[in-house]
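S.K.: My questions concern the predicted model and sequence given below.
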Amino acid sequence: MEVRRLRILREFADRGSVGAVADALKLTPSAVSQQLKVLARESGIDLLEQDGRGVRLTDAGRALVLRADEVIAAVDRAQDEMASRRGSSVGSVRVAMFPSATALVLPRLLTVMYESGIEIVATDIDLTYPEAPDLLPDHDLVLTHRDERAPAIASPRVTVEPLMREPIDVVVPPGHRLADQRTVAVDDLADEDWISVRGGFPVDDVLLSLATVTGVQPRITHRINDFTAIEALVADGHGIALLPRFAVRNPDVHRLILSGVRAARQYDLVHRPEALRRPAIRSVADGLREVVTTWAG
């Protein structure tokens with residue numbers, strides 16, 4: 001089996017359609033289909049089956065994808081080693097982060113990795129936690145977040161490493177009835193106008209968890225994913241909000257620590273199981289761990 005065909009199979013597993021694979025690899029759909037057919041002949045078993053108008057992997061196809069991951073990882077490591085022996089560049093590492101982590105983590109990560117010779121290609125992408133594995137076809141490392149009560153992603157093709165717990169606090173405007181307090185009980189927040197993020201993101205998940213505790217559904221007046229915009233709205237008295245502790249920057253809002261409940265988002269580093277065997281990716285992952293200890297400690 002050629003590694004090139006195994007890469008195409010893996011791309012199909014990641015992207016879900018022949019057309020998406022063709023776009024990603026700059027091939028025609030017919031060329032992708034032909035390579036998958038050749039791979040099926042080489043393996044002696046059907047790898048794809050009809051699924052409506054499209055095709056999907058068979059059980060045998062999914063099993064071969066797991067082995068393809070291992071083969072491709074071994075080839076990539078061999079190429080890295082040969083490049084190192086030639087004295088070539090150590091290469092680049094593609095990193096995806098959610099926007100607030102980009103502001104918090106990326107500047108320090110670039111500083112920590114400055115003398116490594118590794119090029120970090122960073123992208124901020126605002127996806128919900130279950131969508132994080134969808135970024136792995138195009139990124140080596142994905143820094144994502146979830147409500148600490150939510151289960152971690154479970155997949156044989158994905159490794160999840162918890163990096164940091166960030167408490168979530170309440171922010172209120174100046175002059176608010178609670179603004180002179182340092183802490184606040186959940187029951188004291190029942191009759192408030194809330195500014196939250198869109199559904200499916202950790203802050204909104206925490207707000208729903210608090211609603212379960214109080215038995216009162218929050219009155220959400222706006223849904224905005226930009227924390228800077230949320231802070232500005234709170235500062236001008238348009239509601240209160242839950243915000244991750246290290247994301248609060250606006251001096252015109254007052255931060256309250258929730259008492260009696262645990263509320264936090266969990267930072268997770270997501271990657272392929274074999275990814276950290278490549279020296280450059282492992283070095284960047286180590287750099288991320290070093291950076292987050294600044295806050296986690």
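M.R.: That came through fine.
S.K.: Can you give me the neighbour number for Thr159?
M.R.: 16 (other CB atoms under 10 Å). Quick note: C-beta positions are derived from backbone N, CA and C, even for glycine.
S.K.: Report the rounded mean pLDDT for the longest strand anywhere in the chain.
M.R.: As assigned by DSSP state E, the longest strand anywhere in the chain is strand 159-172. For strand 159-172, the mean pLDDT works out to 96.
S.K.: Just the C-alpha atoms of the one helix or strand Val206 maps to, please, in PDB.
M.R.: Per DSSP states H and E: Val206 is located in helix 202-214. What follows is helix 202-214, C-alpha atoms only, in PDB (Å, rounded to 0.1, in the frame of the first residue of the first chain):
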ATOM      1  CA  PRO A 202     -18.300  26.900  27.900                       C
ATOM      2  CA  VAL A 203     -19.500  30.200  29.400                       C
ATOM      3  CA  ASP A 204     -23.100  29.600  28.300                       C
ATOM      4  CA  ASP A 205     -22.800  26.000  29.600                       C
ATOM      5  CA  VAL A 206     -21.800  27.300  33.000                       C
ATOM      6  CA  LEU A 207     -24.700  29.700  33.000                       C
ATOM      7  CA  LEU A 208     -27.100  26.800  32.300                       C
ATOM      8  CA  SER A 209     -25.500  24.800  35.100                       C
ATOM      9  CA  LEU A 210     -26.100  27.700  37.500                       C
ATOM     10  CA  ALA A 211     -29.700  27.800  36.300                       C
ATOM     11  CA  THR A 212     -30.000  24.200  37.300                       C
ATOM     12  CA  VAL A 213     -28.800  25.000  40.800                       C
ATOM     13  CA  THR A 214     -31.200  27.900  41.300                       C
END
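S.K.: Tell me the helices and strands packed up against that helix.
M.R.: strand 141-147, strand 159-172, strand 193-196, strand 241-244, strand 264-271 (3 or more CB pairs under 8 Å, 6 or more residues apart in numbering; DSSP states H and E).
S.K.: what's the closest of those to Glu2?
M.R.: Smallest distance to Glu2 across these (CB to CB): 25.2 Å, for strand 264-271.
S.K.: Gly239 is in contact with Leu189, correct?
M.R.: No: counting by CB atoms under 8 Å, Leu189 does not reach Gly239; the two are 11.4 Å apart.
S.K.: picking that back up, other SSEs contacting the next helix-or-strand element following the helix holding Val206?
M.R.: Under the assignment DSSP H and E, the closest C-terminal helix or strand after helix 202-214 is strand 219-223. With contacts taken as 3+ CB pairs under 8 Å, 6+ apart, strand 219-223 sits against strand 193-196.
S.K.: ok, the helix or strand just after the longest strand of the chain: who's next to it in the sheet?
M.R.: Heading C-terminal from strand 159-172, the first helix or strand you meet, by DSSP H and E, is strand 183-185. Note on strand 183-185: by DSSP bridges, its sheet partners are strand 254-259 (parallel).
S.K.: Pull the residues that contact the partner strand.
M.R.: 167-174, 176, 178-179, 181-186, 210, 243, 245, 248 (CB atoms under 8 Å, 6 or more residues apart in numbering).
S.K.: For this protein, give me the ranges with low pLDDT.
M.R.: Along the chain, segments meeting pLDDT under 70 span 83-90, 296-297.
S.K.: rerun that using 80 as the cut-off
M.R.: Within the chain, the stretches with pLDDT under 80 are 1, 79-91, 213-214, 216, 295-297.
S.K.: need the longest helix for it.
M.R.: Longest helix in the chain by number of residues, with DSSP state H as the criterion: helix 59-85.
S.K.: mind listing what the residue lying closest to Ala103 once chain neighbours are set aside touches?
M.R.: Closest residue to Ala103 apart from its sequence neighbours, by CB to CB, 6 or more residues apart in numbering: Ala247 at 7.7 Å. The contact partners of Ala247, taken as CB under 8 Å, 6+ apart, are 100, 103-104, 227.
S.K.: try Asp191
M.R.: By CB under 8 Å, 6+ apart, the contact list for Asp191 reads Arg219.
S.K.: partners of whatever helix or strand comes next after the longest helix of the chain, with directions?
M.R.: Note on helix 59-85: by DSSP H and E, the next helix or strand toward the C-terminus is strand 92-97. With DSSP bridges as the test, strand 92-97 is paired with strand 119-124 (parallel), strand 141-147 (parallel).
S.K.: Strand 92-97: which residues count as buried?
M.R.: Using 16 or more other CB atoms under 10 Å as the test for burial, strand 92-97 gives 93-97.
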